[in-house]
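Engineer: Fold the following for me, if possible:
(one chain, ligands or ions: 2)
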Amino acid sequence: MTSPQGRMRPEHRPARHLSDLARAFAPELERAEVTTSPVELPDPLVTGVAVGSGEVQPGDLFAGLPGQHAHGAAYAAAAVEAGAVAVLTDPAGLDLLREAGLAVPVLVTPDPRARLGDVSAWLYDHPAAALTVVGLTGTNGKTTTSYFVDAALAAVHESTAVIGTVELRVGDQSIESPRTTVESPVLHGLFALMRERGTTACSMEVSSHALALHRTAGLVFDVVGFTNLQRDHLDFHGDMEGYFRDKARLFALEQARRGVVCVDDVWGVRLASEARIPVETVATRAEGAGYAEADWRVEDATVGLDGVGSTFTLTGPGGVAVAAASPLPGLVNVSNAALAVVLAHRGGVPLEAAAAAVGSASAIPGRMERVVERGGGRPLCLVDYAHTPDALTLALEAVRPITPGRLVIVFGSDGDRDRGKRPMMGEIAARLADVLVVTDENPRSERPETIRGAILDGVRTVRPDGEDVHEVAPRVEAVRAAVALAEEADTVIVTGKGHEPTQEIGGVFHRYNDRDAFLAATSNPSTPETPA
Ligand SMILES: CC(=O)N[C@H]1[C@@H](OP(=O)(O)OP(=O)(O)OC[C@H]2O[C@@H](n3ccc(=O)[nH]c3=O)[C@H](O)[C@@H]2O)O[C@H](CO)[C@@H](O)[C@@H]1O[C@H](C)C(=O)N[C@@H](C)C(=O)N[C@H](CCC(=O)O)C(=O)O
Ligand SMILES: Nc1ncnc2c1ncn2[C@@H]1O[C@H](COP(=O)(O)OP(=O)(O)OP(=O)(O)O)[C@@H](O)[C@H]1O
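Structural biologist: Ligands and ions are numbered 1, 2, ... in the order given. Below is the predicted model:
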């Protein structure tokens, strides 16, 4: 069965001989013999590329990559069974194929992950070159900013695409995204689909994992943007320095033509000075790290007290000034909007048109999303994706001015991810919200109550008496409990999962969505579980 992302390939498949591929990448890719028996292996036509054996379609080159848990070459037999016509792997993978006695044509290279993007781009004939591609990296704000950029690109392109955490969308066709940045064969397949369908611009999120794992190889972005760097993913990158270095890989000639860097934090200032491509800087806060020196500045920002958004003036090189707006609440979204306007402008959209389009961009799933409006006895109900300490702080600070009553938060923290942030999240929520409902996020393989316990340790540093602190699971009941506790003047914000359509518990993905939980709780508020 074709995976959902597998369906996002061009209808007209490329078809190129494996020998041509080997020749195009010689001497890096070598044809290797897997068997000593005198079997004459064919020179197959390759019509696609796949990383996971579950993604393989007939005619694919299967990339058997070394992984953290297994070697992909161990799944080559399954890939061949699914129709793979050849394997790309490393010397260790070749040994595995030989041990298995699998008679399949093989190309070998020391670091196949690093070559995979170029191979995929070559197979699809470099489709991204025909598009305007804008890339976004940074800890927070990638998704929001990428949708702002898309709105601006749509002002001059008839058909646009979005690749990111929420969805893979080409023109009108959209599917749930398996991750923030897909593997390079999927990426180049998507670009080929865009070219085939007449889609001419793409706004795309680039995660630090993607950069570390070469998922964007074979692609040169027209413009790349950096939002900020905050504590996250240290389980993967080791420390902030490693995290920064992986992000900085995007700002190099082999990946991008030019960059736009938000210099509100010191990491942005450092990136702007170390980038190996021409970079412009954007500063959104006068007290931020790089405001004085910035090329573009936000001035006169007025955060809308009705929560609808903010207006500001964006000033730039040569005394240019444009009236701009963010359609989402909070100063962070002023920052995202300003960055998006400059990115889209450098991607070819006239400045005024970019500012107008960003200011009227429509709601972004799970990003300060207003699910239930205040009124009729109901509180304002918001879903937000904040799942780092800094994002949580900013989200709660953004919501406070639009909350006449109490600020009620429903939140948890991920299992099998950075444990250090759990008490930090508890401490922040206890300090900045009035009523806390601590629940589960994606416990994964961990015991949910252990994660809640770590959050509550942080809560107790601020509220030793536990006043207005509730522990409720499952999450759907926590949302219901919060809504039941809240009055019309209150705001209920549920953070951490944003648009996510599932909750991962013990290796099983259960259908769950915060927006749906809110709608269920507000349409049938009479049967709440009593919070503990
Ligand atoms: C940490 C990380 O990114 N790991 C990626 C890595 O996995 P791995 O090295 O553990 O792979 P492995 O399980 O050892 O398997 C080795 C190879 O065997 C293959 N395999 C495995 C099993 C099988 O049945 N058949 C098969 O072919 C795998 O596709 C893989 O190529 O290589 C795999 C395929 O190449 C990726 O799917 C996998 O991403 C996993 C799913 C993941 O969760 N990644 C997250 C952390 C991620 O990338 N997140 C970022 C953004 C996060 C954020 O900003 O919030 C993202 O871009 O989504
Ligand atoms: N510029 C920003 N600075 C800090 N926090 C932000 C910023 N923009 C958004 N946020 C907060 O971070 C959360 C995640 O935002 P968004 O999804 O746009 O970022 P992201 O980089 O795509 O995150 P992820 O990689 O985790 O998907 C938002 O829900 C909001 O609370």
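
Engineer: Only C-alpha atoms from now on, for both contacts and neighbour counts.
Structural biologist: OK.

Engineer: Need the pLDDT of the residue nearest the centre of the chain.
Structural biologist: By C-alpha atoms, centre = their mean, the chain has its centre lying nearest to Thr180, at 3.4 Å. pLDDT for Thr180: 93.

Engineer: Give me the distance between it and ligand 2.
Structural biologist: 7 Å (C-alpha to the nearest ligand atom, to the nearest Å).

Engineer: Sort out which residues of stretch 272-291 are buried, please.
Structural biologist: Under the neighbour-count criterion of 16 or more other C-alpha atoms under 10 Å, stretch 272-291 has 272, 275-277, 279-285, 289-291 buried.

Engineer: Can you list the neighbours in contact with it?
Structural biologist: 248, 251-253, 256-266, 269, 292, 294-299, 334-335, 338-339 (C-alpha atoms under 8 Å, 6 or more residues apart in numbering).

Engineer: Which members of the residues you listed are classed as buried?
Structural biologist: For the contacts of stretch 272-291, buried by 16+ other C-alpha under 10 Å: 248, 251-252, 256-265, 269, 294-299, 334-335, 338-339.

Engineer: quick one: which of those residues sit in strands?
Structural biologist: 256-262, 296-299 (DSSP state E).

Engineer: Quick check: of the residues you listed, which lies closest to ligand 2?
Structural biologist: Cys262 (8.9 Å; C-alpha to the nearest ligand atom).

Engineer: looking at it, Ser445 is touching Phe509, isn't it?
Structural biologist: No - if you go by C-alpha atoms under 8 Å, Ser445 and Phe509 don't touch, sitting 11.7 Å apart.

Engineer: distance of Glu488 from ligand 1?
Structural biologist: 33 Å.

Engineer: Sorry, slip of the keys, the one I care about is Asn228.
Structural biologist: Asn228 is 12 Å from ligand 1, by C-alpha to the nearest ligand atom.

Engineer: circling back to that earlier point, in what helix or strand does the residue nearest to the centre of the chain lie?
Structural biologist: Under the criterion DSSP states H and E, no helix or strand holds Thr180.

Engineer: For the nearest residue to it once chain neighbours are set aside, give me its contacts.
Structural biologist: Take Thr180 and drop its neighbours on the chain: the residue closest to it by C-alpha to C-alpha, 6 or more residues apart in numbering is Thr165, 4.0 Å away. Thr165 is in contact with 143, 177-181, 205, counting by C-alpha under 8 Å, 6+ apart.

Engineer: from those residues, which single one is nearest Leu314?
Structural biologist: Proximity of the contacts of Thr165 to Leu314, judged by C-alpha to C-alpha, is greatest for Thr143, which lies at 21.3 Å.

Engineer: Check which helix or strand Val383 maps to.
Structural biologist: Going by DSSP H and E, Val383 is in strand 380-384.

Engineer: Tell me the helix or strand right after that strand.
Structural biologist: Next along from strand 380-384, by DSSP H and E: helix 389-399.

Engineer: Against Glu30, how distant is the closest residue in space to Tyr75 that isn't next to it in sequence?
Structural biologist: Among residues not flanking Tyr75 along the chain, Ser53 sits closest, at 6.2 Å (C-alpha to C-alpha, 6+ apart). According to C-alpha to C-alpha, to the nearest Å, Ser53 and Glu30 sit 22 Å apart.

Engineer: Torsion angles phi and psi at the residue nearest to Tyr75?
Structural biologist: When read as degrees, to the nearest 10, the backbone of Ser53 gives phi -60, psi -30.

Engineer: so who does it touch?
Structural biologist: 62, 75-76, 78-79, 82.

Engineer: how does it look with 10 Å?
Structural biologist: 62-64, 72-84 (C-alpha atoms under 10 Å, 6 or more residues apart in numbering).

Engineer: With Glu373 instead?
Structural biologist: Contacts of Glu373 by C-alpha under 10 Å, 6+ apart are 379-382, 488, 491.

Engineer: Around Arg460, count how many other residues there are.
Structural biologist: 17 (other C-alpha atoms under 10 Å).

Engineer: How about the residues of the stretch 51-200 of the chain by ligand 1?
Structural biologist: 51-53, 65-72, 75, 179-181 (C-alpha under 6 Å from any ligand atom).

Engineer: Which one of the residues you listed is nearest to Arg367?
Structural biologist: Closest to Arg367, out of all of those and judged by C-alpha to C-alpha, is Thr180, at 14.9 Å.

Engineer: That closest one contacts Leu211, correct?
Structural biologist: No - counting by C-alpha atoms under 10 Å, Thr180 sits too far from Leu211 to count as a contact (11.5 Å).

Engineer: rewinding a little: who wins on neighbours among the contacts of Glu373?
Structural biologist: Of those, with other C-alpha under 10 Å as the count, Thr491 tops at 29 neighbours.

Engineer: Please report phi then psi for that residue.
Structural biologist: phi -120, psi 130.

Engineer: Now for it: which residues touch it?
Structural biologist: 372-374, 378-382, 399-400, 402-409, 433, 482-483.

Engineer: Are any of those residues buried, and if so which?
Structural biologist: The neighbour-count test (16+ other C-alpha under 10 Å) marks 372, 374, 378-382, 399-400, 402-403, 406-409, 433, 482-483 as buried among these.

Engineer: On the three-state scheme, Arg367 is what?
Structural biologist: coil (DSSP: H, G, I helix; E, B strand; the rest coil).

Engineer: Ser184 versus the spatially closest residue to Pro501 that is not a sequence neighbour, what's the distance?
Structural biologist: Leaving aside its chain neighbours, Pro501 sits nearest to Asn513 (5.0 Å; criterion: C-alpha to C-alpha, 6+ apart). Separation of Asn513 from Ser184 (C-alpha to C-alpha) stands at 29 Å.

Engineer: The two: who's more crowded?
Structural biologist: Using other C-alpha under 10 Å, the more surrounded residue of Asn513 and Ser184 is Ser184, with 29 against 19.

Engineer: Verify the stated contact: that one with Thr216.
Structural biologist: Yes - applying C-alpha under 10 Å, one finds Ser184 in contact with Thr216, separated by 5.8 Å.

Engineer: who touches both of these two?
Structural biologist: By C-alpha under 10 Å, 6+ apart, the residues touching both Ser184 and Thr216 are 114, 116-118, 210.
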